[in-house]
Structures are given as structure tokens and as C-alpha cells.
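Novice: below are the sequence and a predicted model for it; my questions follow.
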There are 2 protein chains.
Amino acid sequence: MKQPLRIALAGVGTVGAGVIKLLGANRDIIERRAGRPLAVMAISARDRQRESGVSLSAIDWVDDPLAHAKRDDVDAVVEVIGGEDGVALALARETLKRGKALVTANKAMIAHHGLELAACAEKSGAAFKYEAAVAGGIPVIKGLREGAAANEISRVYGILNGTCNYILTTMESEGRNFAEALGEAQAKGFAEADPSFDIDGVDTAHKLAILASLAFGTRLDFPTIAVTGVRHVTAADIAEAQALGFRVRLVGLAEAGPEGLFQRVHPCLVPADHPLANVAGSLNAVVAEGNYVGRLFFEGHGAGEGPTASAVVADLIDIARDEYGPAFAMPVDKLVTLAPAPGGIRRGRAYLRFTVADRPGVLAEITAAMRDAGVSIESMIQRSAQATGAVLLVMVTHIGAEHCVTDALVRLKGSPNMLRPPMLMHILDV
Amino acid sequence: MKQPLRIALAGVGTVGAGVIKLLGANRDIIERRAGRPLAVMAISARDRQRESGVSLSAIDWVDDPLAHAKRDDVDAVVEVIGGEDGVALALARETLKRGKALVTANKAMIAHHGLELAACAEKSGAAFKYEAAVAGGIPVIKGLREGAAANEISRVYGILNGTCNYILTTMESEGRNFAEALGEAQAKGFAEADPSFDIDGVDTAHKLAILASLAFGTRLDFPTIAVTGVRHVTAADIAEAQALGFRVRLVGLAEAGPEGLFQRVHPCLVPADHPLANVAGSLNAVVAEGNYVGRLFFEGHGAGEGPTASAVVADLIDIARDEYGPAFAMPVDKLVTLAPAPGGIRRGRAYLRFTVADRPGVLAEITAAMRDAGVSIESMIQRSAQATGAVLLVMVTHIGAEHCVTDALVRLKGSPNMLRPPMLMHILDV
């Protein structure tokens, strides 16, 4: 039996405690698969007193996470502190610089600093792994980096945030409005007290940037992702989408093509027979389309103690086995830069919801704006005036350039007939 | 840039030709991901004249596949000849013995000789990889060997044969009977002229044995798999299952527990809201349940030139990257032997279809047999006498020990009221 892989754990929150529990509970099978034991030598956390639910007495406790990187008795550092920079980034840099392996679940840090860290890992020969950063327990980093590696991948997309998916599917199944569903998600621990990173789509965008880099062999490009969250999705949107044969999902979508790199996070209408339509609750799912493999679909738990710990320890096992290589599937200097695809030239169908005054001429104003912007309407539903006097008008457009739809909305901006801002959602026809 | 990985290809049928096409079409991205070029040095095939659709003029053609293993200018041999022994096995042994990497899509050979080959690879330090052998382009070997490696896996199951799934879902969507659907599958190239390996479940069993070994850390155990194919599934079964809220799928299922190793290939009733119910046409899908990750679901194309070539080349890229290890996730001597779980003690619901004579006392005979065997009935449908005078009787049992249901059928054996042998399908309540 080889020497143990000696691990330091920075952060003993949900994920860190999960890693310790998992390493204890599955010790035998892990040791057989890894070819050697995985031993936690040291831990650090902001609050020593916090109840982690696991016994830490046999492990060396240190106050300064950066000390992990400097220990001679540590081969691999697990960073589950979080935050795009600060202590997490300092620890990641120091760990890799000293040639120690780094395992992290920190998508924000990778989205912002992933290439710098990968270059640092290349220089020192260290492993840099982050399966837990995207889609939790689903081995989708590995699926793209290795499983689909023979393919030119043209598109990768998915449901990457369990909080949003829980909210949207609860609205769908229970007829709740957004605020109620968010409250339920918070009560059940599926949403943070401050849920903005999740519901505004930023978390999904972090993950999408990572998937796109792996899928296309391109440099990480988080800043150019167009991000819209789910705050403005109403119960009426969910119901009308269902009536039209769709489900509403927050989808991160990236495409590489002659126009460049297209990356968007947006609530989408997903046809009911699409695999993403069946992804319910807090599950995550990823689709990748390769030119030889066709469509690959992965689904599982994207967050939580167990699934995230599973991904972290899978990375540690790869390291223990000495089966690892460049973090973004190839050396950083082989990643290409694709210009962001110009907005609006992408073609597709769109869903539009208007909340308008119940008076003559409103429909004529809207349809004229559509016509003048070159938008062709595939189907339309008008619901009779509500108690408030507002009329709900829902349209699905034919396939067309996306800028036409946004042009139409610009034409309607400021119209006194619009009682609420119109809602635009793209339709996932892929 | 490192030296090319030098490849010999044994077999230039659909998969072999696909590998050559893929290596040409995706040369740039593969070289970036693999860190070096992948170069085909030599090929062999039974019939040189066969139109493979690719240009082979620049590649050295040899008559004897075994010569690949002996060449000094070859690092990796791709075996896509097929067959559980014969030339394929001789080539695999010789390749690994000489320390060269072996990549194969040959599930029959692995199911029968995988442990011998893995031991041979360990001895010489060679890579032995077979992603294409199970579920084609879906990286499920990697998903179990690495992605879910941190977990105790209690159950792995899936739709592993595209031919059967095409037949069953065509019967479902088109109302065809089995023979018609098989004929369509053959006409479209989804079924062989002699389809027995597929439709009798043997191909699924080969794949299941491999998945079970990876999932549970157990020795391959193909001979003890209970195998039933899809020949006896009727249009009526499909329709009645649908009426009851189920789809019929050929499922390979393996479980490890205190009773031992349970492995079965069987047409199953899958609840309509289960992920496997949405797997249509020739797609494959695999579910693995880990104690930390929960349920993982993988879906994609399980066969055909492109997906299979994608998996073969993914293996070659892993080898080029030097990212490989024990073929069954751990050294062969670490794999444990689980006794086959005794048949019948597993608990579940079952679907039973009787085709009986339209005369008094038949229902009493059947229900008495059920009662005497300890089977409790959850729901029952009787369809009025058909033109033939036969009555269709369909039952779903409550959860109970499976041996009770088979006991009941034994009691009814030989009854003159049974116009056709009863059909038993288990219900996938997992």
C-alpha cells in the first residue's frame, strides 16, 4: 500500500463537514479505489465553535488557512471557504505555487481567476481540480474534460442552480407566486437568507463560464455573459407557458460558432418533451452536444452536503491515483479566445407577456410594434380583464433574429398602455 | 509538443471507420486536449476490400491483427473486431502482455475475460480501457470508475441496448407488435440480421456485469445474471402498461447488499415519471445510486459510428495524457466476491398478463392461486373476450417477495384455462 494522500481542509461548513463524514463512512471503498488512504491532517475554519456534526478532535486545527499550503505533511488542500478572492484566492495561489494539489468547490473564484490558477498549477506541476464547482455531485467537469474530449462541442447548456429550479418548479407544481416559492425554498434550506447570487443568475453564470471553457477549448469569459435571473417570472408566466406546452427553467447556455462565443443565463421556455423539462426540484442537469457523440445528458444533485462532498472526494481520489492533468483540459496557452457573439443575431422563438390596460387600441399598438420590428407571431393568448382592470396578453413569436423582438419592446417602451414592464423569455428550441 | 501516441486499429467496420474519421475531423481539438497528436500507424481487417468510407492509403495495412501487438512503432491497440474470444482475445492478451495500451469496445470479451485482462494490464503496467463497451458515447465507465468513486454504490441500472429500446418505444408510439417493430429496427439499421444477442438480453447482461463490478468493487460475475429478453412483450402489454401509468423498458439492474449481489436483465414496467420512462428510440441511459451523491442519471447515444468512436478516442486521449489506472477502478486482487443474492427474496411489485379462456371459474382459479401463494393484488383490468375468444387479464400486485409471484405462476402451470403462457414483468419502483 502506498503512503496516504495527506489532506488539509480549509473551511468546515456544510461541504467541509460533508467531506470529513464521507471520508470516514466510505473509508474502505475509497482506499481500494484510490490505491491508498486519504488522511485529513489539518483543518481550519472561521469559527471553531460552529457545530459541524463531525468529530474533529483527532485532526490538527490551525487558525490560518494559509498555513495549510506551507505544511510539509500536506499533499492536497481542499478549499471550501468560498468567495471569489480574499482568503480563498490567497490560499489557492499559495497551494499551487508550492506544488501542492488544490481541490475547490469555488465557482466564483474559478470564473474570475481560473486561468491564473491553472497557469500556476502548470508551472509547479500541481493538480488543480474543481468537480464540485459545477453541478455538485454530477461529474460534468470530468464529462466534458475527458468523457467528451474527442468531440468538437458546439453547445453546452443546463440547469445549474438548484435554488432557482426549486423555486420555478414549486411555482409550477403548487401554483405559488415567486415570493411564496422563494420563502419555501429558504425555509427548506434550498435558498440562502440573501438569495440574490442565485436568483439573479450570477451563480449560474459562474458555472456556465467554466463549462464553456471546457467544452470549447476557449479562455474563461465570465464578464461577457448576458445574465437575467428569475425575479420577474410570475405565476401567470408559468401557467401560460404550461398551457402552451412549455416549462420555465433558468438555463445557462453557451454556443461556439463562426459568430463567436455566445453565453447567456436566462429564464427560458423549455418544450415539455425536452430532457430539461423533467428536471424538478433542486436537481441540476447539463446537456453537451458533440459532433460525434451527439447529445449527452447528465442529471443529479447539484448542491448539498453529500453531493458536493462526493465531487470533492472524487477529485481527491483522482489525485491519489495520479490521474490528473491540465485543469481546463489543455494547457492555458492552448485555450483560444473567441470574441463574444454579437447580441441579437441569434435566431429563435420568444415568449412575450404584456400586462396592459383594458382599453381600445392596445392590441393594435402592440401588434404594430411587432410588425414594424419584423416580428412574426406564432400564437397569442389574451386573458379577459382581471379584477385590477389589467389584461394579460401572451405571445409566442415565430423563429427570427432576437434583436427584432427587443426592437419591438423598445418601440413599446413608455407606452401608457403598459401597466407593467413586458416579460421576454427565449424558447429553448435545441 | 510530445511525441504522437501511435495507434494500431484492429477492425475497420463501423466503429473502426468512425475512429479514423473522427481522428481526422477533430484533429486540432484532440491534439490540444491530448497534449500530443494521435497517429494511426497500422490497421487490419478481415476484408480489405470492404468499403469503409475513409481513406486508408496513408496507413500501413497488415493482415494479422496480432502483428499490431508486436510492432515497435505502436503504443496503443484499438480492438474493434468483436467476439468474446478468438482473434480479439488473443490480440488483447498479446497487447497487454507486451505493455501496450489496449482500448476495446468489446463487452462480450470483457464480461467473460475482463479480470484476466485487467490482471495482465496491471502486471505489465499497460492501460486497459473500454468506455465504448457500455452505453456507447455516454461516459458511464468513467462516471462510475472516477466520477462517483467516493461513494458506496448500492444500485446501478439502465437501458443498455438501443435495439431493444428502439423496438419497445416504437411499439409504444406506433402501436406496432413486436415482429413489426423488430422489422423496422432492422430496416433502419438499429438491429442486426440476427438480433438474438440484443433482443434476448445477452448484450445488456454483458454490459450490466461490467457496470456492477465498477459500481460495487466486486469481481465480474456474468454467469449468474438472470436474463430475460423482450421477445414475449406484446402490443397488449405495452398498451396495458401505459393505461396503468407505466412504460415498458428492458432494464439491466444490479444491487449490492447484505443478501449479496443481485443482477437481472428483464423487461420492466417503469413509472411514467421515472427518468428511464423518457428514454426513447435507440438512446441508452444509466442510473447509479451512491450513498453521498444520491441518484446520478446519464443519457445519450449508446451505439453507432459516431458515439462509439467518441468513446474509443476519449480512452485514447486519457492514455495520451497518461491519466489512467486500474481497469476496474482498483487492482483485481482488491475486488471482492459477493455471492449471488438468492432469487425471489427481493421485494417489489409485479405486472402479470394472462390470456385465458372465456369461461366460468377462470378468474377464481387465478385469484385463488394468487391468494395461496401469498400475492396481494393492487389493481386488475379484464378486457372483454376478443374475436379469438381469449380474455386478457392484467394485474399489478402489491409489494411482496418476488418468489410469491413465481409460486403463483407455478400453481397455474398446465391449467387448461391458460391459452398462452402468462407474462410476468417486474415494476421498477426505485
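Specialist: Here it is on my side, so go on. Numbers count the residues shown, from 1 in each chain, chains lettered A, B, ... in the order given.
Novice: lowest-pLDDT helix or strand in chain A?
Specialist: strand A:60-61 (a mean of 90; mean pLDDT, DSSP states H and E).
Novice: what does that strand contact?
Specialist: A:41-44, A:48 (C-beta atoms under 8 Å, 6 or more residues apart in numbering or on different chains). Heads up, the C-betas are built off the backbone N, CA and C, glycines and all.
Novice: so which of those belong to strands?
Specialist: Under the assignment DSSP state E, the contacts of strand A:60-61 contribute A:41-44 to strands.
Novice: of the contacts of strand A:60-61, keep whichever come out buried.
Specialist: When these are checked for burial by 16 or more other C-beta atoms under 10 Å in any protein chain shown, the buried set is A:41-44.
Novice: now render these as a markdown table, adding distance to residue A:148.
Specialist: Shown next, in a markdown table, are the buried ones among the contacts of strand A:60-61 (distance: C-beta to C-beta, whole Å):
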| residue | distance to residue A:148 |
| --- | --- |
| A:41 | 35 |
| A:42 | 36 |
| A:43 | 36 |
| A:44 | 36 |
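Novice: return the residues of the stretch 101-250 of chain A in contact with chain B.
Specialist: Contacts of the stretch 101-250 of chain A with chain B, taken as C-beta under 8 Å from any C-beta of the partner chain, map to A:131, A:137-139, A:142-143, A:146-152, A:217.
Novice: hmm, which two among those are most spread apart?
Specialist: Pairwise distances among those were taken by C-beta to C-beta; the largest, 27.5 Å, belongs to A:137 and A:152.
Novice: okay, those two: which has more neighbours?
Specialist: Between residue A:137 and residue A:152, counted using other C-beta atoms under 10 Å in any protein chain shown, the more crowded position is residue A:137 (31 against 19).
Novice: where along chain A do the helices fall?
Specialist: Remark: helices assigned in chain A by DSSP state H are A:14-25, A:27-34, A:66-70, A:86-97, A:107-124, A:140-142, A:162-174, A:178-187, A:196-199, A:202-216, A:235-243, A:305-320, A:362-373, A:402-412.
Novice: ranking by neighbours, what's the top pick from the residues of the stretch 101-250 of chain A next to chain B?
Specialist: The residue in those with the most neighbours, by other C-beta under 10 Å, is residue A:147 (34 neighbours).
Novice: go ahead and confirm that residue touches residue B:314.
Specialist: Yes - counting by C-beta atoms under 8 Å, residue A:147 does reach residue B:314; the two are 5.9 Å apart.
Novice: overlap in contacts of those two?
Specialist: B:131, B:139, B:142.
Novice: now narrow these to whatever sits close to chain A.
Specialist: Among the shared contacts of residue A:147 and residue B:314, the residues lying close to chain A (C-beta under 8 Å from any C-beta) are B:131, B:139, B:142.
Novice: quick check, nearest of those to chain A?
Specialist: Of all those, chain A sits closest to residue B:139, with 2.7 Å by C-beta to the nearest C-beta.
Novice: isn't that closest one up against residue A:149?
Specialist: No - Residue B:139 is beyond contact range of residue A:149, at 9.3 Å (criterion: C-beta under 8 Å).
Novice: need the residues touching each of these two.
Specialist: Joint contacts of residue B:139 and residue A:149 (C-beta under 8 Å, 6+ apart) are residue B:314.
Novice: which stretches of the stretch 51-200 of chain A have low pLDDT?
Specialist: Within the stretch 51-200 of chain A, the stretches with pLDDT under 70 are A:51-53.
Novice: that's all I had, so thanks and see you.
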